[in-house]
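Undergrad: okay, predicted coordinates and the sequence, questions at the end:
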Amino acid sequence: MKQPSPSFLFFLLLFIGCGQLKSYKIFTRSSSYPSSQEYLSIGISEEKDGNMERARVFYQKACHDGEMKGCLNQGVLEERNGHIDKGKNLYKKACEGGETRGCFNLGLLEEIRGNISKALELYKSSCHSEKVVGCSNLGVLEQERGNLGEAEFLYRKACEAGEAVGCSNLAVLEEKKGDMTEAELLYKKACEAAEMRSCSNLGLLEEKSGNIMKAEFLYRKACDGKETKGCFHLGALEASKGDMLKAKLFYKKACSGNDIRGCFHQAILEEIGENLTLAKNLYERVCHNKYVRGCLNLAILYEKEGNITATRSLYQKACNHEYVEGCFYLGALEKRVGNIVKATSIWQRACDVGDNNSCRALIAR
């Protein structure tokens, strides 16, 4: 049987080290050159040990020798390192070589780039394969196109194949249809599979049913699992108990994970505590993310400071986004600075869509 060449052994010594050679079957005297699957196995082992560069090299050799999972795994490492085009090419090679996950990952990249038709094609390829990968993502795109029946079918297929996010998405549809029993079962299944969004949603169902302790447990599980909605709901629970210190901690944790509602409610508590600089910064962040109540609260702070230009701009922004309370305050501001005609026009528009405060302001003007 042919033995490894000295140059090959040098390569292995360089990337693995002398102390690890005996741990690999491929380096025994009776072995031949490593197979593509053996290269893949070494790469997986190196990746588990945190040796990403070594893993990449062995995945590359596995891919070169025709092991498509090697191409897939190398693609993942390349994408993580910011080499998106290189990752894409490796996913494409894996996909064309029959590795379903390569098609799925390529679909994700195409969706991110806005190539929805291409993403649909790739998700369909991966979903209808034996491994059933990507059905949930395909369902999301179908749902966005208004094909709810097809989306439901795809979510169910994903769920039955063990894809927790498919169960979660299906649960959301069932909840919207009013089938709370089925939604609860699906959320529970997904939550048990560590799909943390489902833990938070299941918590909401429990809270609505009056099971506060169970809801709190589920919110905490979700929050600990980095699902920011769980942290937000924990904050709301603590606020309802009157423990504003704990509430602020959970809102802050939600905000740090880019949950804009968490930022808004943290800002309110910061304002109550007279930490106005932080409150303003948080309201600005919230407003920038089109959470209009943040714009309104920020405007009120600016008005207290006497900054009329900033106040008007923010009230206008809230009003333009059909947040009628913003229109009411904008009209009040215009009246204070003497623009009665403009104030009347603004209040009339808000009154016409049902804002009682604006209607009363029109009568009292």
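TA: Yep, it's here.
Undergrad: contact partners for residue 134?
TA: By C-beta atoms under 8 Å, 6 or more residues apart in numbering, the contact list for residue 134 reads 100, 103-104, 107, 122-127. C-beta: built from backbone N, CA, C; applies to glycine.
Undergrad: residue 332 now?
TA: Shown in contact with residue 332 (C-beta under 8 Å, 6+ apart): 343, 361.
Undergrad: quick one: average pLDDT of the host helix or strand of it?
TA: Residue 332 is part of helix 324-336 when elements are defined by DSSP states H and E. Here helix 324-336 scores 92 as its mean pLDDT.
Undergrad: check which residues of that helix are buried.
TA: For helix 324-336, a neighbour-count test (16 or more other C-beta atoms under 10 Å) marks 324-335 as buried.
Undergrad: only alpha carbons, please: show it as PDB.
TA: Extracted C-alpha coordinates of helix 324-336, given in PDB (Å, rounded to 0.1, in the frame of the first residue of the first chain):
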ATOM      1  CA  VAL A 324     -52.500  61.500  16.100                       C
ATOM      2  CA  GLU A 325     -51.200  62.400  19.500                       C
ATOM      3  CA  GLY A 326     -48.200  63.900  17.700                       C
ATOM      4  CA  CYS A 327     -50.600  66.000  15.600                       C
ATOM      5  CA  PHE A 328     -52.400  67.200  18.700                       C
ATOM      6  CA  TYR A 329     -49.100  68.400  20.300                       C
ATOM      7  CA  LEU A 330     -48.000  69.900  17.100                       C
ATOM      8  CA  GLY A 331     -51.200  71.900  16.800                       C
ATOM      9  CA  ALA A 332     -50.800  73.000  20.400                       C
ATOM     10  CA  LEU A 333     -47.200  74.200  19.700                       C
ATOM     11  CA  GLU A 334     -48.300  76.100  16.600                       C
ATOM     12  CA  LYS A 335     -51.000  77.800  18.700                       C
ATOM     13  CA  ARG A 336     -48.500  78.800  21.400                       C
END
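Undergrad: buried stuff in the helix or strand following that helix?
TA: Proceeding N to C from helix 324-336, the next assigned helix or strand is helix 340-352, under DSSP H and E. Within helix 340-352, the residues scored as buried using 16+ other C-beta under 10 Å are 343-344, 346-347, 349-351.
Undergrad: as a markdown table, these with distance to residue 44 would be great.
TA: As requested, the buried residues of helix 340-352 are exported to a markdown table (distance: C-beta to C-beta, whole Å):
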| residue | distance to residue 44 |
| --- | --- |
| 343 | 69 |
| 344 | 72 |
| 346 | 64 |
| 347 | 67 |
| 349 | 63 |
| 350 | 62 |
| 351 | 67 |
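Undergrad: which of these lies closest to residue 172?
TA: Of all the buried residues of helix 340-352, residue 172 sits closest to residue 350, with 33.5 Å by C-beta to C-beta.
Undergrad: and the gap between the closest one and residue 330?
TA: 9 Å (C-beta to C-beta, to the nearest Å).
Undergrad: and for those two, which residues touch both?
TA: Common contact partners of residue 350 and residue 330 (C-beta under 8 Å, 6+ apart): residue 319.
Undergrad: pLDDT score for the residue nearest to residue 132 when sequence neighbours are not counted?
TA: Sequence neighbours aside, residue 161 is the residue nearest to residue 132 in space, at 4.0 Å (criterion: C-beta to C-beta, 6 or more residues apart in numbering). Model confidence at residue 161, given as pLDDT, is 91.
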